[in-house]
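*Asks:* Show me the folded form of this:
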Amino acid sequence: MSVSLTGSDVIIIGSRTLEDLADGDTAVLDFPNNLAEGKVGKNGNSIVSFNSTGKTGTLTLRVVSGSPDDKYLNSEMTLYLEDPASYPMLTGEFVKRTGSSDGTTTSLVYILDSGFIQKIPNVKDNVEGDTEASISEWTIMFLNNKRSIT
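*Replies:* Here you go, the predicted model:
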């Protein structure tokens, strides 16, 4: 039987370790495309083709609005908008720490490369105490990613 405990995850964008994360799913790294496609050909031949878009991922971050992390991400977006051709692409790292019941830990390490802010965060006003009004949700696309287990 396997037991998995989790906690103390680390998210780094550029050289900044993010600390102003909000509630719920604070960070979601999604890979929407398959790494490979396959078909069965004539006479039962197997045909498999690598799909490079399978390495493309989207990182959605929920940070506290107006926080230092929100300001940092906003400055990256502004830097891109001022001169897209000279923008230095973002790098990142998402380290998911897991532990077992015997005290050993394992890190799932995602190395993120060639990133950019994909869209401006939405904003809302709410008079009924909706805490979502204090959250900035950032979407960053990374084009070249790797995963390792250490």
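
*Asks:* before we move on, what SS does residue 125 have?
*Replies:* Under DSSP: H, G, I helix; E, B strand; the rest coil, residue 125 falls in the coil class.

*Asks:* List the contacts of the closest residue to it other than its chain neighbours.
*Replies:* Nearest non-adjacent residue to residue 125, counting by C-beta to C-beta, 6 or more residues apart in numbering: residue 133, 6.2 Å away. The C-beta positions use only the backbone N, C-alpha and C, and glycine is treated the same way. Counting by C-beta atoms under 8 Å, 6 or more residues apart in numbering, residue 133 makes contact with 124-126.

*Asks:* any chance of these in CSV, plus distance to residue 34 and neighbour count?
*Replies:* Converted to CSV, the contacts of residue 133 look like this (distance: C-beta to C-beta, whole Å; neighbours: other C-beta atoms under 10 Å):
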residue, distance to residue 34, neighbour count
124, 35, 9
125, 40, 6
126, 39, 10
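
*Asks:* which of these lies closest to residue 10?
*Replies:* Checking the contacts of residue 133 against residue 10 by C-beta to C-beta gives residue 124 as the nearest, at 29.2 Å.

*Asks:* Does that closest one touch residue 132 like I think?
*Replies:* Yes. At 6.6 Å, residue 124 counts as touching residue 132 under the criterion of C-beta atoms under 8 Å.

*Asks:* And the pLDDT for residue 101?
*Replies:* pLDDT recorded at residue 101 is 84.

*Asks:* For it, what are phi and psi?
*Replies:* With angles defined as degrees, to the nearest 10, residue 101 sits at phi -70, psi -10.

*Asks:* What about it, how many residues nearby?
*Replies:* Neighbourhood size, residue 101 [other C-beta atoms under 10 Å]: 10.

*Asks:* now it: how far from residue 83?
*Replies:* 52 Å (C-beta to C-beta, to the nearest Å).

*Asks:* quick revisit: tabulate the contacts of residue 133 in a markdown table, adding columns for distance to residue 58 and pLDDT.
*Replies:* As requested, the contacts of residue 133 are exported to a markdown table (distance: C-beta to C-beta, whole Å; pLDDT from 0 to 100):
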| residue | distance to residue 58 | pLDDT |
| --- | --- | --- |
| 124 | 22 | 84 |
| 125 | 27 | 85 |
| 126 | 26 | 83 |
